[in-house]
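Colleague: I would like the atomic coordinates for the input below:
(2 chains)
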Amino acid sequence: AQSVAQPEDQVNVAEGNPLTVKCTYSVSGNPYLFWYVQYPNRGLQFLLKYITGDNLVKGSYGFEAEFNKSQTSFHLKKPSALVSDSALYFCAVRDKDTGRRALTFGSGTRLQVQP
Amino acid sequence: NAGVTQTPKFRVLKTGQSMTLLCAQDMNHEYMYWYRQDPGMGLRLIHYSVGEGTTAKGEVPDGYNVSRLKKQNFLLGLESAAPSQTSVYFCASASGQLNTEAFFGQGTRLTVV
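Modeller: All right, here's what the predicted structure looks like:
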């Protein structure tokens, strides 16, 4: 069965500093990986995805993610954090081996950006 | 473009009561999903549908039923609510193409007392 893991419950970073939110995956074959963000009392918003091609994927709001096949990781990054980036971030993998094609989510990482 | 709309946004139920959560999407997506979100557990799949008239169980289906009578609507029912069903419920829709993202509703916060 496929799965994703987010090893950090919370990440704290100062505004203006680079940020990294970690994600590792376990999938047979090539993965379809996604990052979503959830602001308080809101639904999940799509940030970016890796399907194939370049290992560095660029997404919304200045975020990017690096796909590393040998380390089975898909870490979310941003060169300079903003206070407004504070939110809950989810890594997910799309189920490609069964008919349901659902997203399987990690447990989430809360990002706190301090002014 | 409304995307995915969930109603209601908030609800408090007494143990044993029933209710239905409605999800509507306007993107002509074949696939629709119901998830529940609990602290520290991410989102877990309750039920899903791969097309009008079809439904199937996800990872945590007990205590829930679903129906997809129309392509654009996916209903989640709780026949006899229990405190363990206190959660935030999200509906999502997606096309069948694996390289596309899913779209989520704003969520329903349900409290069972």
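
Colleague: against residue B:108, how distant is the nearest residue to residue A:8 once chain neighbours are set aside?
Modeller: The shortest distance from residue A:8 to any non-neighbouring residue, by C-beta to C-beta, 6 or more residues apart in numbering or on different chains, is to residue A:109 (5.2 Å). The C-beta positions use only the backbone N, C-alpha and C, and glycine is treated the same way. Noted for residue A:109: a distance of 24 Å to residue B:108, by C-beta to C-beta, to the nearest Å.

Colleague: same check on residue B:97?
Modeller: In terms of C-beta to C-beta, residue B:97 sits 27 Å off from residue B:108.

Colleague: that older thread, run through the bridge partners of the residue nearest to residue A:8.
Modeller: residue A:89 (DSSP bridges).

Colleague: tell me who's in contact with it.
Modeller: Residues in contact with residue A:109, defined by C-beta atoms under 8 Å, 6 or more residues apart in numbering or on different chains, are A:6, A:8-11, A:21-22, A:88-90.

Colleague: repeat that for residue A:8.
Modeller: Residue A:8 touches A:21-22, A:109, counting by C-beta under 8 Å, 6+ apart.

Colleague: what does residue B:61 give?
Modeller: Contacts of residue B:61 (C-beta under 8 Å, 6+ apart): B:46-47.

Colleague: and the residue positioned nearest the centre of chain B, backbone torsions?
Modeller: Centroid check for chain B by C-alpha atoms, centre = their mean gives residue B:34 as the closest residue, at 2.9 Å. Dihedral angles of residue B:34 (phi, psi; degrees, to the nearest 10) stand at phi -120, psi 130.

Colleague: up against chain B, what does chain A have?
Modeller: Applying C-beta under 8 Å from any C-beta of the partner chain, we find that chain A lies next to chain B at A:9, A:32, A:34, A:36, A:41-46, A:49, A:51, A:90, A:94, A:96, A:99-108.

Colleague: bridge partners for residue A:38, pull those for me.
Modeller: Residue A:38 has the following beta-bridge partners by DSSP bridges: residue A:44, residue A:88.

Colleague: pLDDT at it, what is it?
Modeller: For residue A:38, the pLDDT comes out at 96.

Colleague: wait, it sits on residue A:46?
Modeller: No: counting by C-beta atoms under 8 Å, residue A:46 is not a contact partner of residue A:38; they are 11.1 Å apart.

Colleague: give me the more crowded residue out of these two.
Modeller: For residue A:38 versus residue A:46, the count of surrounding residues by other C-beta atoms under 10 Å in any protein chain shown is larger for residue A:38: 21 against 17.

Colleague: and stretch A:27-34, average pLDDT?
Modeller: 90.

Colleague: and residue B:6, bridged to which residues?
Modeller: With DSSP bridges as the rule, residue B:6 is bridged to residue B:23.

Colleague: which residues are in contact with it?
Modeller: By C-beta under 8 Å, 6+ apart, the contact list for residue B:6 reads B:21-24, B:89-91, B:105-108.
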